[in-house]
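Visitor: with the sequence up front, the predicted model follows.
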Amino acid sequence: MPAYEILSKTRVGGVEGGYYHRVKHPSQATQTDMIFGLYLPSRHGMSKEPTPVLYWLSGLTCDDTNFANKAGSRAFDEAEKQGIALVMPDTSPRGEGVPNVDSYDLGVGAGFYVNATEEPYKTNFQMYTYVTEELPALLEKEFKIGMFGLRSISGHSMGGHGALTIALKEQDKWVSVSAFAPICNPTNVPWGEKAFEAYLGSVEAGAAHDATCLLTERTKYDEILIDQGTDDEFLIKQLNPTVLYDAAKNVGQKMIINMRKGFDHSYHFIAAFIESHVEFHGKKLRAKLGKMRATYSTYDFSSTQGQPIQCKAMVARKPKEPLMEETITVDPPKAGEVRVKVIANALCHTDIYTLDGQDPEGLFPCILGHEGGCIVESVGPGVTRVKPGDHVIPCYTPQCALPSCIFCASPKTNLCPAIRSTQGKGVMPDGTSRFKDSEGKPIYHFMGCSTMSEYTVIAEISCAKISKEMALEKAALFGCGVTTGLGAVWNTCKVEIGSTVAVFGLGTVGLAVIQAAKMAGASRIIGIDLNGSKSEIAKRFGATDFVNPKKLDIPVQQHIAGVMTKWGVDYSFDCTGNVDVMRAALECAHRGWGVSCVIGVAAAGHEIKTRPFQLVTGRIWKGTAFGGFKTQDVPKLVQRSLDGEIPIDQYITHLFDGIKFTNDAIVALHSGDCLRCVVRY
């Protein structure tokens, strides 16, 4: 007999959403077939890491579908954002031979999440074992979710009772717990008394499944979240949240009970606040996952320090030709340098721009790549900022941070020139390369990073030391594109609340601009792209409007400043590198004060132009590199991502394992549906 059967699979949450499944499997605990709902986020299976999971326990009369049908759309969207799965078990065993009574609060639909010891229920009604042992084992083995204790639990009413008692009885198995309108002290209310008598033989036996009784000074949760409606018809006689709050206070357990004015016991109440609960659990699950990363991401570099390292690298031998997988030698770092093991590299269009021969500073043969997540292997003389084992992101706009440097001392720029000249020549600050090919010939560096190699050497000042809790395959994205888009909004243009924004080019940088503009409080965000399929994803990131210039019979700048708006937008951003688009972006900026920011890198020899009148009438043309962020700002962005403020999972649309697949990643990058393609080494 198969372990499970997928009854249905439905895409939910738009173009970037995951899938909602209904799954049937034979249960040993209940001696019946059981059905549960399962939401898997779009990133599930793409990472080597386990997917955390939130269990949702429904209330009396519900089955596995109630939550998905009545609150799922909001819950699924937030679960996608948090990168967690949702599992929705049934409330009891069902089917032929399962004992039942003519009552909504006992028997089928009312399992109460206990193991029955009394006839006629004890054979089938083993819901505690089902939820705490059998279902987690199935999900871990067959779906790879909730492994290593990455599980949290929540529920409503009877399910809220189940969530609280299960979490309090087995605190080592659950990261966090919350509930909506739970039966807080069931041994003292009619619902609980009836259920415990029928299932366990006595009310006294129910104390082992009573949250108020289970609260002790040894309770481990930093906080427990409960939402309750003030107009709940069961509030006083059945739910008793005040009793639970007082018990928690007596033992020093932090209990957050939000009394929601005017809400009742229905799913309208759950739907209104479910996102905050999913976010609550998502943050705690991701924090535990981060601590696991920090614990296990250790390497022993003692045998390689001070020695040349032979490793694989993808070498760009000539423009417009595929990269060559080669075994190269990476020399030890010299004074002020750091050698790092590259764990993952994200492809950026700037790499392809150079590979295609459009970069005036492009040198061959070279090792491309500048969005990397790395671990320090060794350091050269005089290095104090990082040490072996530290996690770092190489930054192509480093700061020397010397008091004498007017650029580093100024908050107006991140363009420190300390090693800019040698970076442009493809060498380290001393004028030499750390890379040699199999014939001993030097290979040029790229942007001071060269992360398309299993090991690379970078300047100490190029290292942004980050938290070990961030997955390095995700951290790589902060090396260029995402950071650039965020900074263009927050640093270069300082977009204000209520502003109007136009974003030309909806790749990773453009979508990061949209994300940042939404976070800044922009009232209208117009996304512009020739690819009509970008409309839905742009709106998912925060765009309010989408324009495809190919569908217009007038220039796009006239459509934005004339049709969509009267005078133009407050801020516009070019993320294409096309000089004609740069002009359009400027000319749709608001008369009198509009600011247009050039982010995209144009091909060699191209020039921008517009009529001087556009500037005379108050428009401002600006540009940005790395979004104006300094190296020391990058760790703060990473921490904000860990805290859930800057979600980035949605940018990673393609993953490859093995440096040899970098050419395949380049092909993927050219496809219309790729944002960031990450290659893990």
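Guide: Thanks, I have it. Numbering: from 1, shown residues only.
Visitor: hey, let's count contacts and neighbours off CA atoms from now on
Guide: Fine.
Visitor: burial count for residue 102?
Guide: 8 (other C-alpha atoms under 10 Å).
Visitor: what helix or strand is it located in?
Guide: Assessed by DSSP states H and E, residue 102 sits outside every helix and strand.
Visitor: now for the residue nearest to residue 224 when sequence neighbours are not counted: which residues touch it?
Guide: Computed as C-alpha to C-alpha, 6 or more residues apart in numbering, the closest residue to residue 224 that is not its neighbour in sequence is residue 255, at 5.0 Å. Shown in contact with residue 255 (C-alpha atoms under 8 Å, 6 or more residues apart in numbering): 223, 224, 225, 226, 245, 248, 249.
Visitor: change it to 10 Å
Guide: 178, 221-226, 244-249 (C-alpha atoms under 10 Å, 6 or more residues apart in numbering).
Visitor: quick check: phi and psi at it.
Guide: Dihedral pair for residue 255: phi -130, psi 120, per degrees, to the nearest 10.
Visitor: can you tell me how far residue 543 sits from residue 352?
Guide: Distance of residue 543 to residue 352, given as C-alpha to C-alpha, to the nearest Å: 27 Å.
Visitor: which one's more surrounded, those two?
Guide: When residue 543 and residue 352 are compared for neighbours, residue 543 comes out ahead with 27 against 19, by other C-alpha under 10 Å.
Visitor: that one - that's part of a strand, no?
Guide: No: applying DSSP: H, G, I helix; E, B strand; the rest coil, one finds residue 543 to be coil, outside a strand.
Visitor: which residue comes closest to it once chain neighbours are left out?
Guide: residue 525 (4.8 Å).
Visitor: okay, and the one you found sits in which element?
Guide: Per DSSP H and E, residue 525 falls inside strand 524-528.
Visitor: what lies in contact with that strand?
Guide: Counting by C-alpha under 10 Å, 6+ apart, residues outside strand 524-528 touching it are 498-506, 510-511, 513-515, 517-518, 534-535, 538-539, 542-549, 556, 560, 564, 569-574, 585.
Visitor: what lines up beside that strand in the sheet?
Guide: strand 500-504 (parallel), strand 545-547 (parallel) (DSSP bridges).
Visitor: highest average neighbour count across the ones you listed?
Guide: strand 500-504 (a mean of 28; mean count of other C-alpha atoms under 10 Å).
Visitor: any idea which helix or strand comes after that one?
Guide: On the C-terminal side of strand 500-504, the nearest following helix or strand under DSSP H and E is helix 508-520.
Visitor: and the angle from that next one to strand 524-528?
Guide: Between the axes of helix 508-520 and strand 524-528, defined by axes from the mean of the first three to the mean of the last three C-alpha atoms, to 10 degrees, the angle is 170 degrees.
Visitor: what helices or strands is helix 508-520 leaning on?
Guide: Helix 508-520 sits against helix 481-487, strand 500-504, strand 524-528, helix 534-541, strand 571-574, with contacts defined as 3 or more C-alpha pairs under 10 Å, 6 or more residues apart in numbering; DSSP states H and E.
Visitor: would you turn the ones you listed into TSV with mean pLDDT?
Guide: Shown next, in TSV, are the helices and strands packed on helix 508-520 (pLDDT from 0 to 100):
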stretch	mean pLDDT
helix 481-487	98
strand 500-504	98
strand 524-528	98
helix 534-541	93
strand 571-574	98
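Visitor: using CSV, lay out these together with distance to residue 276.
Guide: As requested, these are arranged in CSV below (distance: least, C-alpha to C-alpha, whole Å):
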stretch, distance to residue 276
helix 481-487, 25
strand 500-504, 28
strand 524-528, 25
helix 534-541, 19
strand 571-574, 32
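Visitor: so for residue 209, which of these sits nearest?
Guide: Closest to residue 209 of those is helix 534-541 (C-alpha to C-alpha; 42.2 Å).
Visitor: where does the stretch 401-550 of the chain have low pLDDT?
Guide: For the stretch 401-550 of the chain, not a single residue meets the criterion pLDDT under 70.
Visitor: so where's this structure uncertain?
Guide: For the chain, the stretches with pLDDT under 70 are 1, 14-16.
Visitor: and the helices in the stretch 101-250 of the chain?
Guide: For the stretch 101-250 of the chain, the helices defined by DSSP state H, counting those that start in this stretch occupy 127-129, 135-138, 158-169, 190-200, 211-214, 241-251.
Visitor: correction: the stretch 551-681 of the chain
Guide: Going by DSSP H, counting those that start in this stretch, the stretch 551-681 of the chain shows helices at 556-560, 579-587, 612-616, 634-642, 662-670.
Visitor: and the contacts of strand 524-528, which are buried?
Guide: 499-506, 510-511, 513-515, 517-518, 534-535, 538-539, 542-549, 556, 560, 569-574, 585 (16 or more other C-alpha atoms under 10 Å).
Visitor: residues contacting residue 269?
Guide: Applying C-alpha under 10 Å, 6+ apart, we find residue 269 in contact with 71, 180, 181, 227, 228, 229, 232, 260, 262, 263.
Visitor: hmm, the last one is touching residue 270, no?
Guide: Yes: in this structure residue 263 lies within contact range of residue 270 using C-alpha atoms under 10 Å: 9.4 Å.
Visitor: between those two, what contacts are shared?
Guide: Common neighbours of residue 263 and residue 270 (criterion: C-alpha under 10 Å, 6+ apart): 228, 229.
Visitor: between those two, which one's more packed in?
Guide: More neighbours surround residue 270 than the other of residue 263 and residue 270, with 25 against 18 (other C-alpha under 10 Å).
Visitor: shouldn't that one be within a strand?
Guide: No: applying three-state DSSP, one finds residue 270 to be helix, outside a strand.
Visitor: I figured it hits residue 182, correct?
Guide: No: Residue 270 lies out of contact with residue 182 (C-alpha under 10 Å); the separation is 11.9 Å.
Visitor: need the overlap of contacts for the two.
Guide: Counting by C-alpha under 10 Å, 6+ apart, the contacts common to residue 270 and residue 182 are 155, 156, 227, 228.
Visitor: now the two most distant members of those.
Guide: Distances among the shared contacts of residue 270 and residue 182 were taken as C-alpha to C-alpha; the most separated pair is 155 and 228, at 12.1 Å.
Visitor: where do the contact lists of the two overlap?
Guide: 179, 180, 181, 182, 270.
Visitor: and these, which are buried?
Guide: For these, buried by 16+ other C-alpha under 10 Å: 179, 180, 181, 182, 270.
Visitor: save the residues you listed as JSON lines, and put in distance to residue 88 too.
Guide: Putting those into JSON lines (distance: C-alpha to C-alpha, whole Å) gives the following:
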{"residue": "179", "distance to residue 88": "14"}
{"residue": "180", "distance to residue 88": "15"}
{"residue": "181", "distance to residue 88": "17"}
{"residue": "182", "distance to residue 88": "17"}
{"residue": "270", "distance to residue 88": "14"}
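Visitor: ok, which pair from the residues you listed is furthest apart?
Guide: 182 and 270 (11.9 Å).
Visitor: list the contacts of the nearest residue to residue 438 once chain neighbours are set aside.
Guide: The shortest distance from residue 438 to any non-neighbouring residue, by C-alpha to C-alpha, 6+ apart, is to residue 328 (5.9 Å). By C-alpha under 10 Å, 6+ apart, the residues touching residue 328 are 308-315, 435-443, 453-455.
Visitor: among the residues you listed, the buried ones, what's the PyMOL command?
Guide: Buried residues within the contacts of residue 328, by 16+ other C-alpha under 10 Å, are selected in PyMOL with:
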select buried, resi 309+310+312+313+314+315+435+436+437+442+443+453+454+455
